[in-house]
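Peer 1: Please work out how this folds:
(chains A, B and C)
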Amino acid sequence: MSHWLHWIDLLGVAVFAISGTLMAYRKHMDGFGVIVLASVTAIGGGTLRDMILDLPVFWVQQPDFLYAILVAAIVTILWLRVTHKFPYQTLLVADALGIAFFNIMGLQKALDQGTGPFIAIVMGTMTGVFGGLIRDVICREIPLVLKGELYATTCIVGGMLYVACLALGVPDLPAMIAAMLATLLLRLGAIRWHWQLPVFQGSH
Amino acid sequence: MSHWLHWIDLLGVAVFAISGTLMAYRKHMDGFGVIVLASVTAIGGGTLRDMILDLPVFWVQQPDFLYAILVAAIVTILWLRVTHKFPYQTLLVADALGIAFFNIMGLQKALDQGTGPFIAIVMGTMTGVFGGLIRDVICREIPLVLKGELYATTCIVGGMLYVACLALGVPDLPAMIAAMLATLLLRLGAIRWHWQLPVFQGSH
Amino acid sequence: MSHWLHWIDLLGVAVFAISGTLMAYRKHMDGFGVIVLASVTAIGGGTLRDMILDLPVFWVQQPDFLYAILVAAIVTILWLRVTHKFPYQTLLVADALGIAFFNIMGLQKALDQGTGPFIAIVMGTMTGVFGGLIRDVICREIPLVLKGELYATTCIVGGMLYVACLALGVPDLPAMIAAMLATLLLRLGAIRWHWQLPVFQGSH
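Peer 2: Alright, predicted model coming up:
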């Protein structure tokens, strides 16, 4: 992995760690709970992806991912203590960047392992959304990702664009950038204009 | 795996996907939530089994399992939209067939890996019931499988019969069929006559 | 692993199985639910650790761990049926011994795999606390370990002492005993004098 990719990856981990810390704050958890929830949110999806693809789990040999989580959680706690408010809008934008990048990481790791394009899209989406899903399950919330927000769908669309580009002979870097932009812009649009998937309106 | 075994396996996956879709319907989830819950229910148990036994996860190289989930979920949603009711009784019978087959898959994979009979029974039962357990945890239900229904017990009895048959020198195919029938009939009897395991009646 | 280490390990598994059985009793689960909850509590942390470190899962080739869980769960059930009370104080002390030992097992397995000291501390803590976390998630409790009790912190302190001792050239056995004592005494002190980590007191 080239140097700048690694830095964007660390940034994505840090953003998700902040989102876990905010949830822990809302749930009145202690210091250790904050770290656990921040970690699960940030590396849960990638850990499951690596275990399913039978790859070495990405943070075991690279502790800087865990350092990024620690720093993000501590800075967030201090910020909350001092200001008692949080820049949610900024966080949403950073989070959109985070899933766009996590999605690409999952796609690439899966294709490198020789899976087909369909499984690769599944792995990209799993990397992007599973951490948040586990966070919500631990906190006894019905996972946000399952309830009407245009979130996981942005990963699926980005993934489909990526494998379509590769199938059409587009080189890897432009395909990657196109897929990241698709996921990012779709997610930013969903935040701005409240795009939603239809929710089941069963009588029971 | 012979051809017809693969088809029965696909059928089991589809049946569990339907049960996950029904739960998502009850919980008012969106389209993506339906797919996630259907997938987790259908392949959660087998995924955990393969990770614990250190085998390649079964659906990574065979995307037709995920196609079966997609088709099952979409057909179920369309059916619910049109009829607003569901053939629960038929589903229960299909589900009984599903656990009977999943149980045998877990038993055989474990024994192939050289585990003892006790661990093999554990793996068979885990394959049969873990998907439903994760489904209920995500939906914030106390898992059905832990609450008085004769469900997992049918896997355990089928598994004990299977390893007993093998120990007595019965060839694999008849042993398999005997174990599947034991699990299936026990489960159908539990549905028909409401057999239950005793539940703790502690004062607290 | 030397003979007495294996026996202490079995004892730790049995103690956590008892704690899972007690939770199942409080939640009115059936016989199978008791076994599942006892097992998840007792071997959940170690299973996740082995999967993340890409090691063979420890109980797959050694069924005596599962036998220990069965015996512990059945004895606990019988005890509860006869006496209708439970020696909670004794259990807390045994549980403190259990996490002290699980912590060391996780630390050693991680260092044996060539991870750095930071990841080793994470693995020790995960082995000690993850089983209880999954138990609470299945039972729809906000995990105790995330809510103010000095529990996981005792693993972290023990782990830091262990890697510090090794870095200073202390031989393995005294380092191990020092770390176990630190975890054990800190946990016993937390039980006796209600030591707590500060909990977030956010207005929302």
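Peer 1: Spit out the contact partners of the closest residue to chain B within chain A.
Peer 2: The nearest approach of chain A to chain B comes at A:L146, 3.0 Å away (Cβ to the nearest Cβ). Bear in mind the C-beta positions are built from the backbone N, C-alpha and C, glycine included. Applying Cβ atoms under 8 Å, 6 or more residues apart in numbering or on different chains, we find A:L146 in contact with A:133, B:24, B:27, B:29-30, B:32-33, B:36-37, B:138.
Peer 1: And the pLDDT for it?
Peer 2: You'll see A:L146 listed with a pLDDT of 70.
Peer 1: buried stuff in the lowest-mean-pLDDT helix or strand in chain A?
Peer 2: Ranking every helix and strand in chain A by mean pLDDT, DSSP states H and E puts helix A:3-26 at the bottom, with a mean of 84. By neighbour count with 16 or more other Cβ atoms under 10 Å in any protein chain shown, helix A:3-26 contains the buried residues A:8-25.
Peer 1: Equivalent analysis for stretch A:181-195, please.
Peer 2: A:182-184, A:186-188, A:190-191.
Peer 1: same check, this time on stretch A:62-79
Peer 2: By 16+ other Cβ under 10 Å, the buried positions in stretch A:62-79 come out as A:62-63, A:65-66, A:68-70, A:72-74, A:76-77.
Peer 1: do the same with stretch A:157-172
Peer 2: The neighbour-count check on stretch A:157-172 (16+ other Cβ under 10 Å) flags A:157-163, A:165-166 as buried.
Peer 1: where in chain A is pLDDT low?
Peer 2: By pLDDT under 70, the low-scoring segments of chain A are A:1-3, A:147-149, A:197-204.
Peer 1: in it, which spans are helices?
Peer 2: Assigned by DSSP state H, the helices in chain A fall at A:3-26, A:31-52, A:64-83, A:88-112, A:117-138, A:152-167, A:172-193.
Peer 1: Quick one: closest of these to C:L97.
Peer 2: The minimum distance between C:L97 and the helices of chain A falls on helix A:31-52, with 20.4 Å, by Cβ to Cβ.
Peer 1: Is chain B within reach of the closest one?
Peer 2: Yes. If you take Cβ under 8 Å from any Cβ of the partner chain as the test, helix A:31-52 does meet chain B, through A:51-52.
Peer 1: Count the residues that sit near A:T90.
Peer 2: The tally of other residues near A:T90 (other Cβ atoms under 10 Å in any protein chain shown) stands at 10.
Peer 1: dump the residue contacts of it.
Peer 2: With Cβ under 8 Å, 6+ apart, A:T90 has no contacts at all.
Peer 1: so which residue of chain A comes closest to chain C?
Peer 2: For chain A, the residue closest to chain C is A:G33, as judged by Cβ to the nearest Cβ, at 3.0 Å.
Peer 1: show me the contacts for that residue.
Peer 2: Going by Cβ under 8 Å, 6+ apart, A:G33 touches A:24, A:27, C:143, C:145-147.
Peer 1: surely A:G116 meets B:P63?
Peer 2: Yes. Between A:G116 and B:P63 there is a contact under Cβ atoms under 8 Å: 5.6 Å.
Peer 1: Chain C contacts on chain A?
Peer 2: For chain A, the contact set with chain C under Cβ under 8 Å from any Cβ comprises A:24-34, A:36-37, A:47, A:51, A:56-57, A:59-61, A:63, A:66-67, A:80, A:84, A:137-140.
Peer 1: Return the members of these classed as buried.
Peer 2: The neighbour count (16+ other Cβ under 10 Å) marks A:24-25, A:27-34, A:36-37, A:47, A:51, A:57, A:59-60, A:63, A:66, A:80, A:137-139 as buried among these.
Peer 1: Relative to the whole chain's centre, how far out is stretch A:35-52?
Peer 2: Centroid separation between stretch A:35-52 and its chain, computed with Cα atoms, centre = their mean, to the nearest Å, is 10 Å.
Peer 1: ok, now stretch A:31-45?
Peer 2: Centroid separation between stretch A:31-45 and its chain, computed with Cα atoms, centre = their mean, is 13 Å.
Peer 1: For A:R49, which non-adjacent residue is spatially closest?
Peer 2: Spatially, and ignoring its direct neighbours in sequence, A:R49 is nearest to A:T127 (4.9 Å; Cβ to Cβ, 6 or more residues apart in numbering or on different chains).
Peer 1: if I read this right, the one you found contacts A:G106, doesn't it?
Peer 2: Yes. Between A:T127 and A:G106 a contact is recorded at 3.2 Å, counting by Cβ under 8 Å.
Peer 1: Now for the two: what residues contact both?
Peer 2: A:45-46, A:49.
Peer 1: quick revisit: which of the contacts of A:G33 lies closest to A:L173?
Peer 2: Nearest to A:L173, judged by Cβ to Cβ, of the contacts of A:G33 is A:A24 at 37.4 Å.
Peer 1: Could you list which residues are in contact with that closest one?
Peer 2: Shown in contact with A:A24 (Cβ under 8 Å, 6+ apart): A:33-34, A:37-38, C:146, C:200.
Peer 1: Then A:F32?
Peer 2: With contacts defined as Cβ under 8 Å, 6+ apart, A:F32 is in contact with C:145-146, C:151-153, C:156, C:197.
Peer 1: For A:Q62, see how far away A:L144 is.
Peer 2: 29 Å (Cβ to Cβ, to the nearest Å).
Peer 1: cool, and A:L92?
Peer 2: 27 Å.
Peer 1: just A:I77 next, same as before
Peer 2: The value you get for A:I77 to A:Q62, if Cβ to Cβ is used, is 24 Å.
Peer 1: which residues does A:D64 contact?
Peer 2: A:L10.
Peer 1: Please report phi then psi for A:T115.
Peer 2: The phi/psi pair for A:T115 (degrees, to the nearest 10) reads phi -80, psi 160.
Peer 1: Go ahead and confirm it touches B:Q62.
Peer 2: No. At 10.3 Å, A:T115 does not count as touching B:Q62 under the criterion of Cβ under 8 Å.
Peer 1: which non-adjacent residue is nearest A:L10?
Peer 2: Per Cβ to Cβ, 6+ apart, closest to A:L10 is A:A68, 4.8 Å.
Peer 1: actually A:I35, not the one I wrote
Peer 2: Distance criterion Cβ to Cβ, 6+ apart; nearest residue to A:I35, sequence neighbours excluded, is A:A73 at 5.9 Å.
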